[in-house]
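K.L.:
generate a structure from the sequence data that follows.
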Amino acid sequence: MTFLHPWALLLLPLAMVPFWLKSLEGQRYSWLEMVPEDRFSDHINLLLKIVTAIIILSIVLAIASPQGSDKIVRKVGKGAQTVMVIDRSVSMDHPFAGDATSGRAGEIKSTAARRLITRFIDSRPDDMMGVVAFTNSALYGMKITSNRDAIHAAINAATSSGINQTNIGAGITQASTLFDNIQSSGSRAIILLSDGAGKLSPRVKERIKQEIKTKGINLYWIVLREPDDVSIFGKRIYPPDDGPAAIQLDRFFKSLKITYKAYEADNPVALQTAIQDIDSREKNIIQYSVTVPGHDYARDLILLAMILSLGMLVIKNFRVHTWETA
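P.N.:
Numbers count the residues shown, from 1 in each chain. Alright, predicted model coming up:
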């Protein structure tokens, strides 16, 4: 057992105060021998002092916040260790093209991403997930964890507005480092979600290659296309080291000789389909450890103090304050 506020234990001597103080309430008699001995009242008085001491002791210990020891529980499930790498450039706040015949703009890309990723997370309770966002540099969101509240908070932050730059290389390299301090569960993946691509320097390419291949990470790239964007699945062939940034990045990912798949989504339905396909691919048997916090005894102590205080109130009302005249 540990105490979060051990300094409060210095107040423990206060529990002896009820035994040091004497009650001033009573009646005066000229001759004490005429007063019969009342052992029952003496016992009740001692009991009240003991209960008062326990109440003070409970309050002091509650302030010290005693905590039980944490437990590490091994779990087995179906899923993967996944890091979501999310584009936070300002273009992510643009809407999808929408339906030209309806006259309405489509859903905002970042909003659709937040909604569908949240659904993806909730549908995979055994996954351990981390979050990285990127604009002109990588933005650490959340380490790889099974804490769903923390993951949702990181996703909400990662899908908020950013600036007009897309440094995918920094996002991927930052995501790969999240796997350093966690034991492999047997399935690892990076899901890259962006609406554009930037050029990678030879140094960054080499680092990505080393990180992903050494750590056995699968890579999925969901490209949120706008109508005039070049498709990475187009039939036009570009010379090596030439062509649109998205084409070059897709070509680089394919050259890594890893499990890699790219998707294009120009509307929320296509985005949902891509996420569902990733969901079906990354469902392997995994083992992972979960730290269960120790029991918080402070609440139990406060509850004990409240119950004893109510009991004392009842007993106090049963006291006889004066002798009745014969």
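
K.L.:
can you list the buried residues in the helix or strand harbouring Asp42?
P.N.:
Counting by DSSP states H and E, the element that carries Asp42 is helix 39-64. Buried residues in helix 39-64, counting neighbours by 16 or more other CB atoms under 10 Å, are found at 48-49, 51-53, 55-64. C-betas here are computed from N, CA, C, even on glycine.

K.L.:
by contact count, what packs against that helix?
P.N.:
helix 17-20, helix 297-317 (3 or more CB pairs under 8 Å, 6 or more residues apart in numbering; DSSP states H and E).

K.L.:
Throw these into TSV and include mean pLDDT, thanks.
P.N.:
Formatted as TSV, the helices and strands packed on helix 39-64 follow (pLDDT from 0 to 100):
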stretch	mean pLDDT
helix 17-20	84
helix 297-317	86
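
K.L.:
how about these, which one is nearest Met84?
P.N.:
Proximity to Met84 (CB to CB) singles out helix 297-317 among those, at 35.6 Å.

K.L.:
got the angle between the closest one and helix 39-64?
P.N.:
Interaxial angle, helix 297-317 versus helix 39-64 (axes from the mean of the first three to the mean of the last three CA atoms, to 10 degrees): 150 degrees.

K.L.:
how about helix 297-317 as CSV, C-alpha atoms only?
P.N.:
Taking Å, rounded to 0.1, in the frame of the first residue of the first chain, the C-alpha atoms of helix 297-317 are listed here in CSV:
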residue,chain,number,x,y,z
TYR,A,297,-9.2,3.3,0.2
ALA,A,298,-9.9,7.0,0.7
ARG,A,299,-13.5,6.6,-0.3
ASP,A,300,-14.0,3.7,2.1
LEU,A,301,-12.5,5.7,5.0
ILE,A,302,-14.7,8.7,4.3
LEU,A,303,-17.8,6.4,4.2
LEU,A,304,-16.7,4.9,7.5
ALA,A,305,-16.3,8.3,9.1
MET,A,306,-19.8,9.4,7.9
ILE,A,307,-21.5,6.2,9.2
LEU,A,308,-19.8,6.5,12.6
SER,A,309,-20.7,10.2,12.8
LEU,A,310,-24.3,9.4,12.2
GLY,A,311,-24.2,6.7,14.9
MET,A,312,-22.7,9.2,17.4
LEU,A,313,-25.5,11.7,16.6
VAL,A,314,-28.1,9.0,17.5
ILE,A,315,-26.3,8.0,20.7
LYS,A,316,-25.9,11.6,21.8
ASN,A,317,-29.6,12.2,21.6
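
K.L.:
can you pull out the helices in the stretch 1-150 of the chain?
P.N.:
17-20, 39-64, 109-122, 148-158 (DSSP state H, counting those that start in this stretch).

K.L.:
okay, the ones you listed in CSV with distance to Asp87 next?
P.N.:
Output for those, formatted as CSV (distance: least, CB to CB, whole Å):
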stretch, distance to Asp87
helix 17-20, 63
helix 39-64, 47
helix 109-122, 9
helix 148-158, 9
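
K.L.:
so for Ile191, which of the ones you listed sits nearest?
P.N.:
Closest of the helices of the stretch 1-150 of the chain to Ile191 is helix 109-122, at 8.5 Å (criterion: CB to CB).

K.L.:
list the buried ones in the closest one?
P.N.:
Judged by neighbour count (16+ other CB under 10 Å), helix 109-122 contains these buried residues: Lys109, Ser110, Ala112, Ala113, Arg114, Arg115, Leu116, Ile117, Thr118, Phe120, Ile121.

K.L.:
same question, stretch 206-217
P.N.:
Arg207, Ile208, Glu211, Ile212, Ile217.

K.L.:
equivalent analysis for stretch 145-152, please.
P.N.:
Across stretch 145-152, burial judged by 16+ other CB under 10 Å covers Thr145, Ser146, Ala150, Ile151, His152.

K.L.:
ok, now stretch 295-313?
P.N.:
For stretch 295-313, burial by neighbour count (16+ other CB under 10 Å) applies to Tyr297, Ala298, Leu301, Leu304, Ala305, Leu308.
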